[in-house]
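Asks: Curious how this folds, go ahead:
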Amino acid sequence: MADNHTPEERSYNMSRIRSKDTKPEEKVRKYLFSLGFRYRKNVRKLPGCPDIVLPKYKTVIFVQGCFWHMHDCGRFHWPTSNQEYWKPKIERNVERDKKNMELLRSMGWDILTVWECELSTKEKREHRLKRLAAEIKKKTEPNSLTNNA
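Replies: Alright, predicted model coming up:
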């Protein structure tokens, strides 16, 4: 299938795609903040510049776009045009993600990933964000038990 846009329109559309402060990131951050979590955004000193960093919990959160990071869901489809550009680009993204996650783990960070498709409807978003908060809070449970002993 050919591109339905002129090169100028396509260039404009691509220029509007943000790498940080995306709508999915904002939804996750607002939810976490409402629960009292305090975080840093886009910490460049950490591998992969995680979207959300919770130093208290030694946890980082990546809010990933399904297309850009090749998520195994219905939102990811290989582009049909300009495949010699897109295939290596997306594969590089995935390899870079793996490398950054290995580096973060070796530094002692826990890594959580929230996929764009998990936030697509209100029901999915509520379920995923509750699960995310529970995953973060698990970090303090063993510590609180050892501190009381």
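Asks: which residues touch stretch 121-136?
Replies: Under the criterion Cβ atoms under 8 Å, 6 or more residues apart in numbering, residues 27-28, 31-32, 35, 37, 54, 57, 59, 61, 112, 114, 117-119 lie in contact with stretch 121-136. Every C-beta, even on glycine, is put in place using the N, C-alpha and C of the backbone.
Asks: Now the two most distant members of the residues you listed.
Replies: Spatial extent of the contacts of stretch 121-136 (Cβ to Cβ) is set by the pair Tyr57 and Cys117 at 24.7 Å.
Asks: From Glu84, how far out is the residue lying closest to Lys139 once chain neighbours are set aside?
Replies: Nearest residue to Lys139, sequence neighbours excluded (Cβ to Cβ, 6 or more residues apart in numbering): Tyr57, at 4.3 Å. Note on Tyr57: its distance to Glu84, by Cβ to Cβ, to the nearest Å, is 42 Å.
Asks: Have a look at these two and say which one is more surrounded.
Replies: Between Tyr57 and Glu84, counted using other Cβ atoms under 10 Å, Tyr57 has the larger neighbour count: 20 against 7.
Asks: just checking, the more buried one touches Trp109?
Replies: No. When contacts are counted by Cβ atoms under 8 Å, Tyr57 is not listed as touching Trp109 (9.6 Å).
Asks: Which parts of the chain are helices?
Replies: Using DSSP state H, the helices found in the chain span residues 7-15, 23-34, 83-106, 122-137, 140-148.
Asks: Looking at the ones you listed, spot the one closest to Leu46.
Replies: Nearest to Leu46, of those and by Cβ to Cβ, is helix 83-106 at 6.6 Å.
Asks: Packing partners of that closest one?
Replies: strand 59-64, strand 110-115 (3 or more Cβ pairs under 8 Å, 6 or more residues apart in numbering; DSSP states H and E).
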